[in-house]
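Student: Give me coordinates for this.
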Amino acid sequence: MLYVGGDVHKKTVQVCVLDAEGNRVAQSRIANTPEKVIGYFGGIEQPASVAIEASHNWGVLCDVLGEMGFETHVCHSREAKLIGLARVSTDKVDAYKLATLLRVGLLPEAYVPDSDGRELRALVRGRASLVRSSTGQKNQIHAILRSNWIEHPYSDVFGKAGRKFLESLKLEGGYRAVVDAKLKILDRIKEQTAVLDEEIKHRAHIDMRAMIIDTAPGFGEFRSVMFLAEVGDINRFRSAESFVCYTGLNPREDSSGDRIRRGRITKEGSSWLRWILVEAAHDAVEQDGKIRDLYLRVLEKKGDKVAIVAAARELAVSLYWMLKRMEVYRPSGKKDSLITSEASPQTAEWSGRRHEAPECRIMQP
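Tutor: Numbering: from 1, shown residues only. Model prediction:
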């Protein structure tokens, strides 16, 4: 059995091959291209396991190695502390340590979504990035208005009436040019966001898990699909507690003996997942009595930021059990499943959602 460590970069891959006793069999730096990767790894004797460090471009490499018959593992970079403890940290050292951790069974592995899961993540993250870009453009226009002491009566200056106001403003040449340019960028972003929204809407209507999540307070089609893209298979979590740990919304703990000390949240896992849960929690405290009561209790003692995180954590637990049991959200405690029964109009009424319940029969896969 051979053990291979691969330190992956944008243009190159540093490879180290160890045998079962830990002896270095081969070491090389290859170009990160399909031809070079297939050519080099095709010369490695099987059976062999490969460990690569999580990076922005590990997905295709992982798929190619899997098709070639290699047992592929993706290392969790933050937990691989042994790599960072070396006095000398080079690509060769990192590749060697990846292979060593794999050989001794101490490699901290990251979750590896399949190609469909990675494609779905790219879709929803791309849409979210467009919205963030739009927000940045709007903030810069607001800054220009403030710097010129310009006030307006519009709650949304980028709405229909507010847009006419912006276009008719008399500003100095430089300011006018910047505002016009950013308004054009906003129009273009809006067009492209609408294109992605159509695809996301389609995904939400064909996945019964998205339909179930959509019944939770604070969630709609986009948030439901993004939640699924970031979480993947809910069955890989053994408990709701382990799922909350994955979201990074649980507090850090430093306890010893009778002393228990908890700090800020860990922020482990996907920042996109935490963002979507916190965004949904802001809406959920207005829509659901149970979550609102929790928010108000914590608000009185800890303040708004801690309270909204507590609400997001409570929402995450509810979503975990909803997907585990394949049941819609139950604010009243009433049990209702989407697996083998048609969702009735009464379901939509007690769920507190503005949209109608799905009309299709959803069968268990």
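Student: Apart from its neighbours in sequence, what residue is nearest Val131?
Tutor: Thr193 (6.6 Å; CB to CB, 6 or more residues apart in numbering). Yep, even glycine has a C-beta here, placed from its N, CA and C like the rest.
Student: did I read that right, the one you found in a helix?
Tutor: Yes. Residue state for Thr193 (DSSP: H, G, I helix; E, B strand; the rest coil) corresponds to a helix.
Student: what's it in contact with, if anything?
Tutor: Thr193 sits next to Arg127, Leu130, Val131, Ser134 when contact means CB atoms under 8 Å, 6 or more residues apart in numbering.
Student: Next, find the distance separating the second one from Lys10.
Tutor: Separation of Leu130 from Lys10 (CB to CB, to the nearest Å): 24 Å.
Student: same question, the third one
Tutor: Using CB to CB, Val131 is found at 27 Å from Lys10.
Student: more neighbours, those two?
Tutor: For Val131 versus Lys10, neighbours defined as other CB atoms under 10 Å are more numerous around Val131 (14 against 8).
Student: Name the helix or strand for the more buried one, please.
Tutor: For Val131, the enclosing helix or strand under DSSP states H and E is helix 115-147.
Student: And His73, by the same measure?
Tutor: Going by DSSP H and E, His73 is part of strand 71-75.
Student: mind giving me the domain ranges of this structure?
Tutor: 2-103, 115-203, 208-350 (automatic domain parsing).
Student: Run a quick neighbour tally on Ile189.
Tutor: The burial count for Ile189: 16, using other CB under 10 Å.
Student: my bad, Ser239
Tutor: Ser239, neighbours per other CB under 10 Å, totals 10.
Student: State the distance from it to Ile291.
Tutor: 21 Å.
Student: Same check on Ala307?
Tutor: 10 Å.
Student: Which of those two has more residues huddled nearby?
Tutor: Ile291 (25 against 20).
Student: Excluding covalently adjacent residues, which one is nearest to that one?
Tutor: Excluding the flanking residues, the one nearest Ile291 by CB to CB, 6+ apart is Ala284, at 4.7 Å.
Student: element containing that neighbour?
Tutor: Per DSSP H and E: helix 271-287 holds Ala284.
Student: Give me the contact list for the strand or helix carrying Gly59.
Tutor: Using DSSP H and E, Gly59 sits in helix 58-67. Contacts with helix 58-67, where a contact means CB under 8 Å, 6+ apart, come from 6, 8, 13, 32, 34, 37-38, 41, 50, 52, 72, 74, 112, 115, 118.
Student: Out of the residues you listed, which sit inside strands?
Tutor: Gly6, Val8, Val13, Val50, Ile52, Thr72, Val74 (DSSP state E).
Student: so can I have CSV of these showing pLDDT, distance to Thr247 and neighbour count?
Tutor: Formatted as CSV, these follow (pLDDT from 0 to 100; distance: CB to CB, whole Å; neighbours: other CB atoms under 10 Å):
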residue, pLDDT, distance to Thr247, neighbour count
Gly6, 92, 29, 27
Val8, 90, 26, 23
Val13, 92, 32, 22
Val50, 95, 29, 26
Ile52, 92, 25, 23
Thr72, 92, 26, 22
Val74, 92, 20, 22
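Student: and of those, the nearest to Val178?
Tutor: Closest approach to Val178 among the ones in strands among the contacts of helix 58-67 (CB to CB): Val8, at 40.4 Å.
Student: Could I get the contacting residues of the closest one?
Tutor: Asn32, Ile52, Glu53, Ser55, Asn57, Trp58, Leu61.
Student: try Thr266
Tutor: Counted by CB under 8 Å, 6+ apart, Thr266 has contacts Cys245, Gly248, Asn250, Pro251, Arg252.
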